[in-house]
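> build me a model from this:
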Amino acid sequence: MPRAERPRAAARKTPRQERAVATVDAILEATARILAKDGWAKATTNRIAEAAGVSVGSLYQYFPSKDAIAVEMLKRYRERLLATVAQKLSDAEHVTFESAMGTLLSTLFAAEGIDPKLHRVLIEQVLRTHARGEMQGFEDRLEGVVALALEGAGPSVRVPNHKLAATLVVRTVLSLVHAVVVDRPDLDRAEVAAEVTRMVTGYLSGA
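Residues are numbered from 1 along each chain as shown. Sure thing, here's the model as predicted:
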C-alpha cells in the first residue's frame, strides 16, 4: 500500500497587502492562544479560524494545515530570538567572556517573548516531527553570531577552531533547551542556564 502523505508544513503564500498581513497575524495570534491554553489536539483549523475572526477558506489561502501555522509561528519566534541574541552579545563586548556566554545561554533558556506552554508545543510538534525540515537555517545563523563572539573574545577563548566550537556549542545548547522545555519543565531554567554556562566556558577557555 502507498504511504499516506504527511500534512504540508509550508505556508501557501506570503501576505503582501496590509489586509492580508493583518489576517495572517490574527491567525497566528489565535493559534498561539489556543495552543497555550488547550494544547495541540484541540487546535483545529476551524477553531483557529473562528478565534481569529476569519473564514476557514481565508485561513487555507495562507496555511494548508495547522502544521504550517506552527512552523510559521516558530520561524517568527526564532527570528526575534536571533536578533535578541545578536544584540545582547554586541552589548556584552566590553564585559568578560563568561558574562557574554552567560547572556547568550540565559537568553536561549529563558525563551523570551514566547509563552512557556506554547514553546513546548512548538518544539514537540515542529522540531521533533517531519516539519523540522521547514526550519532550516536558524542554527547556522546562530552559529555565525557565536563564532563572531568567540573571535572577539581574545585570549579568553583557547579553542583553535572558532567555527567548529560555535557549531558544538550551539547544537549542544539547543538540544539541552529543547530537552528542558519538553522533558523537564520542572527544572529552574535560570539555574540550568548557569550550570550550562559553566560547562561551556570551561570547554572554550580550556579550564
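
> buried residues in the host helix or strand of residue 199, which are they?
Here residue 199, judged by DSSP states H and E, is contained in helix 189-205. Using 16 or more other C-beta atoms under 10 Å as the test for burial, helix 189-205 gives 189, 192-193, 196-197, 200-201, 203-205. Backbone N, C-alpha and C define where each C-beta goes, glycine included.

> how near is the closest residue to residue 204 other than its chain neighbours to residue 90?
Nearest non-adjacent residue to residue 204, counting by C-beta to C-beta, 6 or more residues apart in numbering: residue 157, 5.2 Å away. As judged by C-beta to C-beta, to the nearest Å, residue 157 and residue 90 stand 17 Å apart.

> what does residue 201 give?
19 Å.

> pretty sure residue 112 contacts residue 82?
No. Applying C-beta atoms under 8 Å, one finds residue 112 not in contact with residue 82, separated by 12.0 Å.

> give me the helix or strand of the protein that scores worst on average pLDDT.
helix 97-110 (a mean of 83; mean pLDDT, DSSP states H and E).

> okay, now the spatially closest residue to residue 80 that is not a sequence neighbour: neighbour count?
Distance criterion C-beta to C-beta, 6+ apart; nearest residue to residue 80, sequence neighbours excluded, is residue 113 at 5.5 Å. Residues lying near residue 113 (other C-beta atoms under 10 Å) number 11.

> spit out the contact partners of residue 113.
For residue 113, the contacting residues are 77, 80-81, 84, by C-beta atoms under 8 Å, 6 or more residues apart in numbering.

> tell me the confidence at the closest residue to residue 185 other than its chain neighbours?
Nearest residue to residue 185, sequence neighbours excluded (C-beta to C-beta, 6+ apart): residue 120, at 6.8 Å. Listed pLDDT for residue 120 reads 91.

> so residue 120 touches residue 183, yeah?
No. At 9.6 Å, residue 120 does not count as touching residue 183 under the criterion of C-beta under 8 Å.

> quick one: pLDDT of the spatially most central residue of the chain?
Centroid-nearest residue in the chain, with C-alpha atoms, centre = their mean: residue 78, separated by 4.1 Å. Residue 78 carries a pLDDT score of 90 in this model.

> tell me which element it is part of?
Applying DSSP H and E, one finds residue 78 within helix 66-91.

> run the angle between that helix and helix 97-110 for me.
Angle of helix 66-91 versus helix 97-110, following axes from the mean of the first three to the mean of the last three C-alpha atoms, to 10 degrees, is 160 degrees.

> circling back to that earlier point, neighbour count winner among residue 120 and residue 183?
residue 120 (21 against 11).

> now do the contacts for the more buried one.
181-182, 185.

> what is the nearest of those to residue 24?
Nearest to residue 24 among these is residue 181, at 25.6 Å by C-beta to C-beta.

> do I have it right that that closest one meets residue 119?
Yes. Between residue 181 and residue 119 a contact is recorded at 5.6 Å, counting by C-beta under 8 Å.

> please enumerate the shared neighbours of those two.
residue 111.

> dump the contacts of residue 120 into TSV; add secondary structure, distance to residue 143 and neighbour count as well.
Formatted as TSV, the contacts of residue 120 follow (DSSP: H, G, I helix; E, B strand; the rest coil; distance: C-beta to C-beta, whole Å; neighbours: other C-beta atoms under 10 Å):
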residue	secondary structure	distance to residue 143	neighbour count
181	helix	20	22
182	helix	22	16
185	coil	27	12
